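>>> Sequence plus the predicted model coming up.
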Amino acid sequence: MATLDLIKLSKECPGLKVEISIGDLIEANMLLIAEVKRELEQSIADEKAETYLSREKVMEILDIASTTLWRWQRTNYLVPIMVGGKRRYRRSDVKRILEGDK
């Protein structure tokens, strides 16, 4: 039985009692732990993957004007890179500024 079927069943019959062997319970817990571990590893990998933001998105996230962004670029506080012929900013650099690092 799929997990969603069990969830649906638990909502339809909240007082239902189920008998399960200890071996099956341990196996179910191990599968659940493995699934959560995979999801966490994927979440961490996604967070570490570098993404690149447009100047508009950076100004929105940091709540700054275009002149501030231009000044930060000139002082090398937030340096853009060229991606596909367009100027983009590393999300990690924007995050660094949000966290207060220099």
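Sure thing, it's come through.

>>> How far does the lengthiest helix in the chain sit from its chain's centre?
In the chain, assigned by DSSP state H, the helix with the most residues is helix 22-48. The chain centre lies 17 Å from the centre of helix 22-48; the measure is Cα atoms, centre = their mean, to the nearest Å.

>>> Outside of whichever helix or strand comes after that helix itself, list whatever touches it.
Heading C-terminal from helix 22-48, the first helix or strand you meet, by DSSP states H and E, is strand 52-53. If you take Cβ atoms under 8 Å, 6 or more residues apart in numbering as the criterion, strand 52-53 is touched by Ile61, Ile81, Val83, Arg88, Tyr89, Arg90, Arg91, Val94. Heads up, the C-betas are built off the backbone N, CA and C, glycines and all.

>>> Run through the residues that contact the last one.
This means Val94. Leu53, Val58, Ile61, Leu62, Leu78.

>>> Swap in 7 Å and give it another go.
Leu53, Val58, Ile61, Leu62 (Cβ atoms under 7 Å, 6 or more residues apart in numbering).

>>> any idea how far the residue lying closest to Val83 once chain neighbours are set aside lies from Ser92?
Nearest-residue entry for Val83: Tyr52, 5.2 Å, with adjacent residues in sequence omitted and distances by Cβ to Cβ, 6 or more residues apart in numbering. For Tyr52, the distance to Ser92 equals 10 Å [Cβ to Cβ, to the nearest Å].

>>> Then Ala34?
Taking Cβ to Cβ, one finds Ala34 at 30 Å from Ser92.

>>> do the same with Ser66
22 Å.

>>> and Ile97, that one's in a strand?
No - assigned with DSSP: H, G, I helix; E, B strand; the rest coil, Ile97 falls outside any strand and is helix.

>>> Ile64 is in contact with that one, correct?
No - contact criterion Cβ atoms under 7 Å: Ile97 and Ile64 do not qualify, at 9.4 Å.

>>> circling back to that earlier point, Tyr52 and Ser92: which has the busier surroundings?
Using other Cβ atoms under 10 Å as the criterion, Tyr52 and Ser92 rank with Tyr52 on top: 18 against 11.

>>> Could you report the pLDDT at the more buried one?
Looking at Tyr52, its pLDDT reads 93.
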